[in-house]
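Asks: here is my input; please provide its structure:
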Amino acid sequence: MMMNKMAKIIVGIVFSLCITQYVFAQTQEPVAYENDAMGIKITGPQGWFITPGEKAGKAASKNVDDLTNLKSIKEAIKKVGFLVIFSKYPFGSPIEFNHNIVLVVEKFPPEYPAASKTAIGVGNANILNIKAMFKDTKIIKEPTMVIINNREGAQFIYEGTGVRGYLETRIKCSAYVFIKEDLIYTISFTDKADDFDNNVKAFEVPLNSFILK
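Replies: The predicted structure is shown next:
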């Protein structure tokens, strides 16, 4: 029962792969996102493309069917709010994988265990979903407490293979989870596993600029 409740926490981490081939980036300027109502500010890497979250959400919802048959995950993605995506290349670029930085928000389900309403608790819940969605999942770093701009959160890193028909892509993701009242905010950087170490430095700009008041 506990696992079923926790599995309803999806957040955007597991969908980074879903949207990378369907990024609808339109412009390089500005590369900053601000939401006064939520108290959020974040700046993307210089020269990257910015995509409104609502467009990415539609793409992720459509393509999650290729990665899993689990009804709980398919339903949960509909409740995830994609706020903004920064991607290295625009949609349609002739590349195998468009590495990206994703910021999403999600409400805790009413039945979610109160004891697990922590950043580390949510990180552990996401690992359950990650293992269900990806092949040969490897947790590189278990959820660990971090503090970014005076906001306590949790970070974890994983690798997994996304399978779409005959196409398999090995990806690596670094994710940060933050809790504000009854909302979960997640920032993640995803790239092909072989390219991750060469490109992860770009994640420093949005991560260090992230403000959640």
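Asks: what's the single longest helix in this protein?
Replies: Ranked by number of residues, the top helix in the chain under DSSP state H is helix 119-133.
Asks: could you check the angle the helix or strand just after it makes with helix 119-133?
Replies: If you walk from helix 119-133 toward the C-terminus, the next helix or strand you reach (DSSP states H and E) is strand 135-148. Using axes from the mean of the first three to the mean of the last three C-alpha atoms, to 10 degrees, the interaxial angle of strand 135-148 with respect to helix 119-133 works out to 160 degrees.
Asks: what's next to strand 135-148, contact-wise?
Replies: Surrounding strand 135-148, the residues in contact under the criterion C-beta atoms under 8 Å, 6 or more residues apart in numbering are 119-120, 123-124, 127, 130-131, 152-163, 168, 172, 176-178, 207-208, 210. All C-beta atoms are positioned from the backbone trio N, CA, C, and that covers glycine.
Asks: quick one: strands adjacent to it?
Replies: Take DSSP bridges as the rule and strand 135-148 pairs in its sheet with strand 151-164 (antiparallel).
Asks: pull out the buried residues from the partner strand.
Replies: In terms of neighbour count (16 or more other C-beta atoms under 10 Å), strand 151-164 has its buried residues at 151, 153-160, 162-163.
Asks: cool, stretch 139-151 as well?
Replies: Neighbour-count burial for stretch 139-151 flags 143, 146, 148, 151 (criterion: 16+ other C-beta under 10 Å).
Asks: residues contacting the last one?
Replies: The neighbours of Arg151, taking C-beta under 8 Å, 6+ apart as the test, are 178, 210-212.
Asks: please repeat the previous calculation with a cut-off of 7 Å.
Replies: Arg151 makes contacts with 178, 212, as judged by C-beta atoms under 7 Å, 6 or more residues apart in numbering.
Asks: quick one: pLDDT of it?
Replies: Per-residue pLDDT puts Arg151 at 94.
Asks: beta partners of it?
Replies: Under the criterion used here (DSSP bridges), Arg151 is bridged to Ile148.
Asks: can you tell me how far it is from Tyr176?
Replies: Between Arg151 and Tyr176 the distance is 10 Å, computed by C-beta to C-beta, to the nearest Å.
Asks: quick revisit: between the buried residues of stretch 139-151, which is closest to Glu111?
Replies: Each of these was scored against Glu111 by C-beta to C-beta, and Pro143 proved nearest at 21.5 Å.
Asks: so for the closest one, what's the nearest residue that isn't a sequence neighbour?
Replies: Ranked by C-beta to C-beta, 6 or more residues apart in numbering and with sequence neighbours excluded, the top spatial neighbour of Pro143 is Gly123, at 3.1 Å.
Asks: correct me, but the one you found touches Phe156?
Replies: Yes: with contacts defined as C-beta atoms under 7 Å, Gly123 counts as touching Phe156 at a distance of 5.0 Å.
Asks: what are the boundaries of the helices in the protein?
Replies: For the chain, applying DSSP H gives helices covering 2-6, 16-20, 53-63, 71-76, 119-133, 196-199, 204-209.
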